[in-house]
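Q: coordinates for the following, if possible.
(chains A and B)
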Amino acid sequence: MSLLTLEKVTQRFGGLVAVDNVSLNIKQGGITAIIGPNGAGKTTLFNAISGFRTPTEGRVAFNGDDITGLAPERAARRGLVRTFQLVQLFETLTVLENVKVGRHLHTSGGLLSALIPWRARAIEAQVEDIARGLLHRVGLAAQAEMIASALPYGQKRLLEIARALASEPKLLLLDEPAAGLNRTETSRLADVIRVIAAQGVTVLLIEHDMNFVMNIADRVAVLDFGKLIAEGTPTEVQKNKDVIAAYLGTMEAAHA
Amino acid sequence: MMTWLTTTWAEARRAPVLALLWAAAAALVIYVFIGGGYLIAVLHFAAIYVVFVTGLNIFMGFAGQVSFGHNAFAAISGYTSAVLTATHGWEPLPAAALGILGALIAALIVGYPTLRLRGHYLAMATLAIGLIVYEVAVQWQSVTQGYMGISGIPPLGIGRFEVTSDRAILIFLIVVAALGVAAAAGIRHSRLGRAFVAIAGSEDAARALGIDVARYKLAAFLISAFYAAVAGSLFVHAVGFVSPEVYGLHMVVLAFTMLYVGGIGTVAGAALGALVIGILPETVRRFSEYQDLAYGTLLILILIYAPGGLASLSRLSTRRKKEDA
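A: Purely as a prediction, here's the structure:
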């Protein structure tokens, strides 16, 4: 069954068509990558899926329900959680607290449990356990008490992913997770994403780094000038003539 | 008790400047309490501002929003309490309760539409309500007696038990301020408080994690308006007099100074800022005509050497140690 369905999604900004009639099915499980040159409309498509911008036309369905234009916080409640191209951490909080915020949807309690701490003690202990477990999973257990802004860039990316995982997403959208990472960090990130997928979270990511994508993705979709020009396994996509012309071709030309 | 002592000692060693400030504040309270006199009134004032600034910090420090009009909520509550008790002979407690309720309703009316918008709409709206409430207090003479103000407001109490002596009022105000600070600390480390600080950190990230930003902004606004309203009522019953100037724009300026000098965003900073700025003008009073100059110099020194406020002194001293090592 398909977890996420895009039907003829189009996003226009005035005369510019940033996403042009994209239809795509993401099945439950596995890692799908959306690739494409700069300005191909990848992030715009992500915004349309996650509710940060309502598409001009078309329909987004998640788990069988129409979620077109649904606010991000409501999409998150259904299990669709994203990260950002420019890491959006809560910079002044500790690493641990950042992940704790991610538990928001799976805990309850407002003013009353804030004022009567023992009411929430059991839940708070559980939140802390889960948060520390997730930090351990992405390799940030030792940095738990650090202020998030003090982390090096690569670890910030991992923290953002750990925080997203704390909300137990069904579908995790990662917007250029490897951008700005060095080779060691990228391979560490690839390991983390593989583990996430192996544990049953469907991953949809946008990426520039072709090696990374070919390495990690089960399926690849290629956008060019807002249009979906190819979709398939990494090997199929690599052989596709349109893709070579639009994306890989320009890279080869750059190498020559 | 033992564990409390050891953790306090560990905290004090980690942040000696901060511990010194707290110890000085405590010593001052005890000294004034025994000595009595005019300084007790200064401490009344400082304790009331601890309540006001602690509340403002929940909205501005935790949730990262801006309000120039929390004086309005103090004024609505204070004036309601004053008019009902002094003019209509109500008991202080129900009068104060009604005043606080009125302030909350005003906060809801201002906050609900504006907090759904991004940007500075709320800051502008709060500035407006602060000015409007001030004008109403000046112009509605049949009820507020304009600039003359209302005097003869009875002290707080239940039935025959009244908090009348200066010392009793001081104890009462310190207890209320301590409860307010403890509640703010509880909020900061709860799910509610985490949602607030997440909004301050990144609204987009908060939304992506399922936090209803508009709803939590409104919650923070109402909670801080509640603190402001409590402070407003405490003032009229502690002093026994109210006039429009009590809740003028200078209240906002003073609260901002306290918030930034103490350290915005931290519970201890807000309380410490209110105490220090509340007391500081009195301690430099001996410089007579140079009083304002001395006060200003101290403020500038604090902001230069502790730009994160007094509460950041703990972080400063630990950083120094690391550099030394």
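
Q: excluding its backbone neighbours, what's nearest the residue in chain A that chain B sits nearest to?
A: Nearest residue of chain A to chain B: A:F90, at 3.1 Å (CB to the nearest CB). The C-beta positions use only the backbone N, C-alpha and C, and glycine is treated the same way. The shortest distance from A:F90 to any non-neighbouring residue, by CB to CB, 6 or more residues apart in numbering or on different chains, is to B:G201 (3.1 Å).

Q: so what's the one you found up against?
A: By CB atoms under 8 Å, 6 or more residues apart in numbering or on different chains, the contact list for B:G201 reads A:89-93, B:64.

Q: what subset of those is buried?
A: When the contacts of B:G201 are checked for burial by 16 or more other CB atoms under 10 Å in any protein chain shown, the buried set is A:89-91, A:93, B:64.

Q: say whether chain A is contacted by stretch B:265-276.
A: Yes - residues of stretch B:265-276 are located near chain A by CB under 8 Å from any CB of the partner chain, namely B:G265.

Q: kindly export that stretch (C-alpha atoms) in PDB.
A: What follows is stretch B:265-276, C-alpha atoms only, in PDB (Å, rounded to 0.1, in the frame of the first residue of the first chain):
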ATOM      1  CA  GLY B 265      14.900  33.500  29.700                       C
ATOM      2  CA  THR B 266      16.100  32.200  33.000                       C
ATOM      3  CA  VAL B 267      13.800  31.900  36.100                       C
ATOM      4  CA  ALA B 268      16.500  33.000  38.500                       C
ATOM      5  CA  GLY B 269      17.600  35.900  36.300                       C
ATOM      6  CA  ALA B 270      14.100  37.400  36.100                       C
ATOM      7  CA  ALA B 271      13.700  37.300  39.900                       C
ATOM      8  CA  LEU B 272      17.200  38.500  40.600                       C
ATOM      9  CA  GLY B 273      16.800  41.400  38.100                       C
ATOM     10  CA  ALA B 274      13.600  42.500  39.800                       C
ATOM     11  CA  LEU B 275      15.300  42.400  43.200                       C
ATOM     12  CA  VAL B 276      18.500  44.200  42.200                       C
END
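
Q: please report the distance of the most far-flung residue of chain A relative to its centre from A:T107.
A: Distance from the C-alpha centroid of chain A, by CA atoms, centre = their mean, peaks at A:I116 (36.3 Å). A:I116 is 15 Å from A:T107, where distance means CB to CB, to the nearest Å.

Q: for the chain, which helix is longest?
A: Picked chain A for this. Longest helix in chain A, counting residues (DSSP state H): helix A:117-138.

Q: try again with chain B
A: Counting residues, the longest helix in chain B under DSSP H turns out to be helix B:213-239.

Q: closest to B:A47 out of the contacts of B:G201?
A: B:G64 (26.5 Å; CB to CB).

Q: wait, what's in contact with the closest residue to the closest one other than its chain neighbours?
A: What sits nearest to B:G64 in space, not counting adjacent residues and going by CB to CB, 6+ apart, is B:A200, at 2.7 Å. Residues in contact with B:A200 (CB under 8 Å, 6+ apart) are A:90, A:92, B:62-65, B:265.

Q: and what of B:A137?
A: For B:A137, the contacting residues are B:75, B:79, B:144, B:146, B:243-244, B:247, by CB under 8 Å, 6+ apart.

Q: including pLDDT, distance to B:S224 and neighbour count, could the residues you listed go into TSV?
A: Formatted as TSV, the contacts of B:A137 follow (pLDDT from 0 to 100; distance: CB to CB, whole Å; neighbours: other CB atoms under 10 Å in any protein chain shown):
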residue	pLDDT	distance to B:S224	neighbour count
B:A75	94	15	31
B:Y79	94	19	29
B:T144	84	25	22
B:G146	81	29	14
B:S243	88	24	19
B:P244	89	22	21
B:Y247	91	16	29
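
Q: export those to CSV and tack on distance to B:V253 and secondary structure?
A: As requested, the contacts of B:A137 are exported to CSV (distance: CB to CB, whole Å; DSSP: H, G, I helix; E, B strand; the rest coil):
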residue, distance to B:V253, secondary structure
B:A75, 15, helix
B:Y79, 21, helix
B:T144, 22, helix
B:G146, 23, helix
B:S243, 18, coil
B:P244, 16, helix
B:Y247, 12, helix
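
Q: model confidence score at the residue nearest to A:F90, please.
A: On pLDDT, B:G201 comes in at 93.

Q: measure it to A:L89 for me?
A: As for B:G201, its distance to A:L89 is 7 Å (criterion: CB to CB).

Q: ok, residue 32 - contacts?
A: As the question left the chain open, I've gone with chain A. When contacts are counted by CB under 8 Å, 6+ apart, A:T32 touches A:26, A:202-205, A:217-221.

Q: wrong chain, I was asking about chain B
A: The neighbours of B:V32, taking CB under 8 Å, 6+ apart as the test, are B:39-40, B:42-43, B:170.

Q: tell me the SS of residue 22?
A: Since no chain was named, I'll use chain A. Here A:V22 is strand, with the state taken from DSSP: H, G, I helix; E, B strand; the rest coil.

Q: was after chain B, sorry
A: Here B:W22 is helix, with the state taken from three-state DSSP.

Q: re the thing from before, ok, the contacts of B:V32 vs chain A, which is closest?
A: Nearest to chain A out of the contacts of B:V32 is B:L170 (CB to the nearest CB; 24.8 Å).

Q: host element of the closest one?
A: Assigning secondary structure by DSSP states H and E places B:L170 in helix B:166-188.

Q: so for the residue of chain A closest to chain B, what's the pLDDT?
A: With respect to pLDDT, A:F90 scores 94.

Q: which residues does it contact?
A: Contact partners of A:F90, counting by CB under 8 Å, 6+ apart, are A:97-98, A:101, A:148, B:197-198, B:200-202, B:205.

Q: now, those residues that are in helices?
A: With DSSP H as the criterion, helices contain A:97-98, A:101, B:197-198, B:200-201, B:205 from among those.

Q: wait, which of the residues you listed is closest to A:A18?
A: Nearest to A:A18 among these, with distances taken as CB to CB, is B:A205, at 22.8 Å.

Q: surely the closest one touches A:L86?
A: No - using CB atoms under 8 Å, B:A205 is not in contact with A:L86, being 10.6 Å away.

Q: buried stuff in the longest helix of chain B?
A: Result for helix B:213-239 [16+ other CB under 10 Å]: buried residues B:213-214, B:216-239.

Q: do stretch A:89-107 as well
A: Residues of stretch A:89-107 classed as buried: A:89-91, A:93-105, A:107 (neighbour count, 16+ other CB under 10 Å).

Q: tell me the span between the first and last residue of that stretch.
A: Using CA to CA, to the nearest Å, the end-to-end distance of stretch A:89-107 comes out at 20 Å.

Q: I'd like the contacts of A:F90 as CSV, with distance to B:S190 appended.
A: Converted to CSV, the contacts of A:F90 look like this (distance: CB to CB, whole Å):
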residue, distance to B:S190
A:E97, 12
A:N98, 16
A:V101, 12
A:A148, 20
B:V197, 11
B:A198, 13
B:A200, 15
B:G201, 16
B:S202, 20
B:A205, 19
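
Q: pLDDT on stretch B:253-268, on average?
A: On average, stretch B:253-268 scores 88.

Q: residues contacting that stretch, please?
A: With CB under 8 Å, 6+ apart as the test, stretch B:253-268 has contacts from A:92, B:18, B:49, B:52-54, B:56-57, B:60-62, B:70-71, B:181, B:184-185, B:188, B:197, B:200, B:269-274, B:276-278, B:299, B:302-303, B:306, B:308-312.
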